[in-house]
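Provided below are the primary sequence and the corresponding predicted coordinates.
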Amino acid sequence: MLTERRQSGDVPFDQRSPVGATIEDLDLRTFEAAYLPNAVAPEVLAENGRTRTQQLSALHLLDPLGRPNHAALLLLGLDPRRWLPGAYLQFVRFDGTDMVDSQVIDQRELSGPLHEVLAEVDVLTKLHVRTALKIPDSGAEIRREDIPILAVQQLVRNAVLHRSYESYTPIRWYWFADRVEIHSPGGLFGRVNAENFGKPYATDYRNPRLAEGLKVLGFVQRFGVGVELARKACRELGCPPPEFQFEASSVLVIVRAAR
């Protein structure tokens, strides 16, 4: 963490601006229609006469020179990968349990502003979860998912929020017949370690401005509870708890199917 802060002059990476970026690189329609109304109270919006540049600056999406920072480009950029080449998800669905002997039945690159990416994540998750139908001798039929939808959604969002965007590596989201794997570039950050990971009191943010933006857009309800929500969803479905593997430059999470 100290090395990262020294390299960035104590400014988080998501608050730094790439050379050449301008306000024209942002989707201002989405900013006006979706971001701004959720970030600022209606009565305040009705009273202030700020320009779009002033509004973006007030919400910490521009640097002192008026250039959009990395968080703004990720949240509202017309082409985030122009500035951050690794800012996408690589999704692959296999029909078996390994990459070598299994057939690929679906693969996609999910890129664009993060609200569009995460909306597509939700659609894909629901599409690829398989539901078993059990008809008991008496009573109503029982439908049961093989993978908890909420757990996958929360863990992918967690990866999008906490990954290192300085890396050119995408988030790799692999869906096998018996499990889901999410590979995220960037190791644990700040006060978070392998022992306290996932506990609400041990929250730290590599991308604090991005975290606030995802909260504004409704993809984060309460900071620090995403992993615990995923654990609860697995527990309620009868799945093993999510497994986490931590490396210096990556995090892997595995969600196994219900037995």
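Perfect, I can see it now.

ok, Thr30 - contacts?
Applying CB atoms under 8 Å, 6 or more residues apart in numbering, we find Thr30 in contact with 76, 113, 115. (Glycine included, C-beta is placed from N, CA and C.)

any idea how far the last one lies from Ile182?
From His115 over to Ile182 the distance is 19 Å, taken as CB to CB, to the nearest Å.

By neighbours, which of the contacts of Thr30 wins?
Using other CB atoms under 10 Å as the neighbour test, those are led by Leu76, with 26 neighbours.

Quick one: residues contacting that residue.
26-28, 30-31, 35, 61, 68, 113.

Those into JSON lines, with extra columns for pLDDT, secondary structure and distance to Gln245?
Putting the contacts of Leu76 into JSON lines (pLDDT from 0 to 100; DSSP: H, G, I helix; E, B strand; the rest coil; distance: CB to CB, whole Å) gives the following:
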{"residue": "Leu26", "pLDDT": "98", "secondary structure": "strand", "distance to Gln245": "36"}
{"residue": "Asp27", "pLDDT": "97", "secondary structure": "coil", "distance to Gln245": "36"}
{"residue": "Leu28", "pLDDT": "96", "secondary structure": "helix", "distance to Gln245": "41"}
{"residue": "Thr30", "pLDDT": "96", "secondary structure": "helix", "distance to Gln245": "36"}
{"residue": "Phe31", "pLDDT": "96", "secondary structure": "helix", "distance to Gln245": "38"}
{"residue": "Tyr35", "pLDDT": "96", "secondary structure": "helix", "distance to Gln245": "35"}
{"residue": "Leu61", "pLDDT": "98", "secondary structure": "coil", "distance to Gln245": "34"}
{"residue": "Pro68", "pLDDT": "98", "secondary structure": "strand", "distance to Gln245": "35"}
{"residue": "Pro113", "pLDDT": "97", "secondary structure": "coil", "distance to Gln245": "30"}
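
Tabulate the residues you listed in JSON lines, adding columns for distance to Phe91.
Below are those laid out as JSON lines (distance: CB to CB, whole Å):
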{"residue": "Leu26", "distance to Phe91": "26"}
{"residue": "Asp27", "distance to Phe91": "23"}
{"residue": "Leu28", "distance to Phe91": "29"}
{"residue": "Thr30", "distance to Phe91": "23"}
{"residue": "Phe31", "distance to Phe91": "27"}
{"residue": "Tyr35", "distance to Phe91": "26"}
{"residue": "Leu61", "distance to Phe91": "28"}
{"residue": "Pro68", "distance to Phe91": "27"}
{"residue": "Pro113", "distance to Phe91": "17"}
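
didn't Lys126 look like it was pressed against Ile149?
Yes. Counting by CB atoms under 8 Å, Ile149 is a contact partner of Lys126 at 6.1 Å.

ok, these two, which is more surrounded?
The neighbour count for Lys126 versus Ile149, taken as other CB under 10 Å, is higher for Ile149 (15 against 12).

Look up how far Arg29 lies from that one.
Going from Ile149 to Arg29 by CB to CB gives 30 Å.

same check, this time on Arg81
According to CB to CB, Arg81 stands 20 Å off from Arg29.

pLDDT below threshold where in this structure?
Applying pLDDT under 70 to the chain flags the ranges 1-9, 133-143, 200-202, 222-223.

which residues in it form helices?
For the chain, the helices defined by DSSP state H occupy 2-7, 28-30, 36-39, 42-47, 52-58, 70-76, 80-83, 114-128, 149-162, 208-216, 226-237.

Arg81 and Arg29: which is more packed in?
Neighbours were counted for Arg81 and for Arg29 using other CB under 10 Å; Arg81 has more, 15 against 9.

re the thing from before, between the contacts of Leu76, which is nearest Gly190?
Within those, proximity to Gly190 (CB to CB) peaks at Leu61, which comes in at 22.7 Å.

check contacts around that closest one.
Counted by CB under 8 Å, 6+ apart, Leu61 has contacts 26, 68-69, 71-72, 75-76, 209, 213.
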